[in-house]
Every structure is written in structure tokens, then in C-alpha cells.
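# Compute the structure for the input listed below.
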Amino acid sequence: KMWQQMPYRDSWSALVGTRFWSESSISDYAQQLRQLQVPVYIMGGWHDELRDQGIIALLNLPESRILIGPWKHCMNPGFGLLQEIHRFFDTYLKGLPTGLAAEPRVHYYTMDGSGGGSWHSATTWPVPGERSERWYLSTGQKLVRRPPSRAAVSSFTVRTDVDCPEGGVGPFMQPCLHP
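Take a look at the predicted model:
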């Protein structure tokens, strides 16, 4: 119900009595965090509907760290998140030598397409060695790497009644319905 009440960043939610998106978004506090050089630990998943927000925060907060795993929002099966949180707080709140400050600030999981994958670390995002690729919509609604010789004209129907698997969120931030 809360998501339905808040389609926009400044929408008010009567359920929690706030403008939840703007009040809980790190972007509203980014300037102060940068000035104070406050480290922030960002955790997200590739299957999270908000996956881009963590990367945006990382790029705007130089003292931040990010962990991106193969999970959905607020989930981290098989990963010792509580231990990682303790390590972060021990490092930045207690000043204990945990080794975390010397590690790369980006930890991410890559999926191999067969259900497996592996963890990687990097000091920056985008990670070194990655490059952007431009893809084009071609005739027949196909993606191609070269610009088509003529503009592709295509139309399609956007379906807003599609169910999302396992309790996801559908178009326009509406909860998906399940049988």
C-alpha cells in the first residue's frame, strides 16, 4: 500500500507519515555527507528494482563502499551481511583495524548465465576494463551493434497487467498480483 501511495519522489505516504522517498533517499543528504566525509556502506542486488540507486550513490559519495550481490531487495542469502556491517562499524565508528579500509570499495557479483557466478572487487565504478556499448533497435525489434541503414519503425503494446515473479513490483511501482 505504501508504494501505491508514492508514485513520485515527493509523494506523501499516510502509512508512514512522511515523504518516504525523499526523506529516506541518500541523495537528499549527499552534500552534507560529502562535506563531512562520512563513509556510507551501500548494499544492493542485481535483481533489486532499485539497483541503479546504489551505483548513483557510490558515484556521488567518494567515501562510500558498495556491495552488489545476486539477490533481490533486502535479501542476501549465503552472504554474512551482519558480519560485514559489524566490520564496517568497527572500522568507521570505533576506529578498529579490521582491514576494511584497505580493501577496494566496490564488491560485485557477476552472473554467468547458468545460475552460477563469481565475486569481484574494484577500486572504482565502472570497473576497470569495462566499456560501454551502443546498441540500436533494428527492424523486427532486434538489437544490433551497428546503426540500421534506415530508421526502424516499430510499435508495441506496453502491458501493465503482467505479474512479477516472487512478490516483485510491477510497472509504475504497483505491487504484482499473484494467484
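
# Check whether residue 101 sits in a helix, strand or coil.
Judged by DSSP: H, G, I helix; E, B strand; the rest coil, the three-state class of residue 101 is helix.

# Can you name the residues in contact with the longest helix along the chain?
Secondary structure of the chain read by DSSP state H shows that its longest helix is helix 81-92. Residues outside helix 81-92 that contact it (CB atoms under 8 Å, 6 or more residues apart in numbering): 39, 41, 43, 65, 67, 96, 97, 98, 100, 101. Where you see a C-beta, it was placed from the backbone N, CA and C, and this is true even at glycine.

# Output the lowest-mean-pLDDT helix or strand in the chain in CSV with nothing but the alpha carbons.
Sorting the helices and strands of the chain by mean pLDDT, DSSP states H and E puts helix 2-5 at the bottom, at a mean of 77. Extracted in CSV, the C-alpha atoms of helix 2-5 (Å, rounded to 0.1, in the frame of the first residue of the first chain):
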residue,chain,number,x,y,z
MET,A,2,2.9,2.4,0.8
TRP,A,3,4.4,2.1,-2.7
GLN,A,4,1.0,2.7,-4.3
GLN,A,5,0.6,6.0,-2.3
